[in-house]
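Participant: Kindly return the folded structure for what I paste below:
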Amino acid sequence: LQHEDFWEIAGLVKPWVLEGGYWRILSAPFLHFSTPYLGIMVPVFGIAFPYIQKIAHPLYLPIVFLLSAVTGNLFSLLIFPNAAFMGPSGGILGIFGFLLTMSLKLESVPKNFTLLILKYIVLLLLAGLTAPLVLDVAVHLGGLLMGMYLGVVLVNDGEPDLPYKASPMVKFLGVVCTIVILGAIGFVALLFLADFVSLQLAL
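Facilitator: Here you go, the predicted structure:
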């Protein structure tokens, strides 16, 4: 498959979204074909993930990732309606935004963690500004704002034990969002399989 195939099959190609391909808002976060993009996002998230596990219950992550990824894509659709994008950076920025809000609200979160998260957010936002062909700053902004909002809504002030526990409702939503994420990944995989089969039949 060529890079162009990724855009055509499941990327957030805005004109096609506006023509009725709304499902691309959900499919686009689960694929990418840019080495520079992966070179930026994967190390940042990989370094931060061990810290994330110490702060928040794991079922917060699918909720924040999914809603932030979708919100980031909607921001991009509104701000840059003629551009195209694919990748999980809206969801990743949302997770960092959620953790930033959590670290500011909870006294039990170490202050060095807050500074670490701030550094990652600034790094990714600057990367979006300096590499607009690789990273979409509107996706980053939308995902970050949604993540921060979820931190306000889902996290209560205080000094609880860490990792921050999930309520039964959060656990339920976390499972639902995990199923949606897995379903979206499966849907994207089926699209690529169908495209591959059609190409083989055309030979």
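Participant: If you tally nearby residues, what's the number for Asp161?
Facilitator: Asp161 has 7 neighbouring residues, counting by other CB atoms under 10 Å. (C-beta placed from N, C-alpha, C; glycine too.)
Participant: Surely it forms part of a strand?
Facilitator: No - per DSSP: H, G, I helix; E, B strand; the rest coil, Asp161 lies outside any strand segment and is coil.
Participant: buried ones in the helix or strand encompassing Gly91?
Facilitator: Per DSSP states H and E: Gly91 is located in helix 89-105. Buried positions in helix 89-105, judged by neighbour count with 16 or more other CB atoms under 10 Å: 89-104.
Participant: ditto for stretch 67-84
Facilitator: For stretch 67-84, using 16+ other CB under 10 Å, the buried residues are 67-77, 80, 83-84.
Participant: Report the distance from the helix holding Gly91 to the chain centre.
Facilitator: With CA atoms, centre = their mean, to the nearest Å as the basis, helix 89-105 stands 11 Å off its chain's centre.
Participant: averaged over its residues, what pLDDT does it have?
Facilitator: Average pLDDT, helix 89-105: 91.
Participant: how about the CA coordinates for it, as PDB?
Facilitator: Provided in PDB are the C-alpha atoms of helix 89-105 (Å, rounded to 0.1, in the frame of the first residue of the first chain):
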ATOM      1  CA  SER A  89      -2.100  12.900  18.400                       C
ATOM      2  CA  GLY A  90      -5.400  14.500  19.400                       C
ATOM      3  CA  GLY A  91      -6.000  11.600  21.800                       C
ATOM      4  CA  ILE A  92      -2.400  11.700  23.100                       C
ATOM      5  CA  LEU A  93      -2.600  15.500  23.800                       C
ATOM      6  CA  GLY A  94      -6.000  14.800  25.500                       C
ATOM      7  CA  ILE A  95      -4.400  12.400  27.800                       C
ATOM      8  CA  PHE A  96      -1.600  14.900  28.700                       C
ATOM      9  CA  GLY A  97      -4.300  17.600  29.200                       C
ATOM     10  CA  PHE A  98      -6.300  15.300  31.500                       C
ATOM     11  CA  LEU A  99      -3.200  14.500  33.500                       C
ATOM     12  CA  LEU A 100      -2.200  18.100  33.700                       C
ATOM     13  CA  THR A 101      -5.600  19.100  35.200                       C
ATOM     14  CA  MET A 102      -5.500  16.100  37.500                       C
ATOM     15  CA  SER A 103      -2.000  17.000  38.800                       C
ATOM     16  CA  LEU A 104      -3.200  20.600  39.400                       C
ATOM     17  CA  LYS A 105      -6.300  19.400  41.300                       C
END
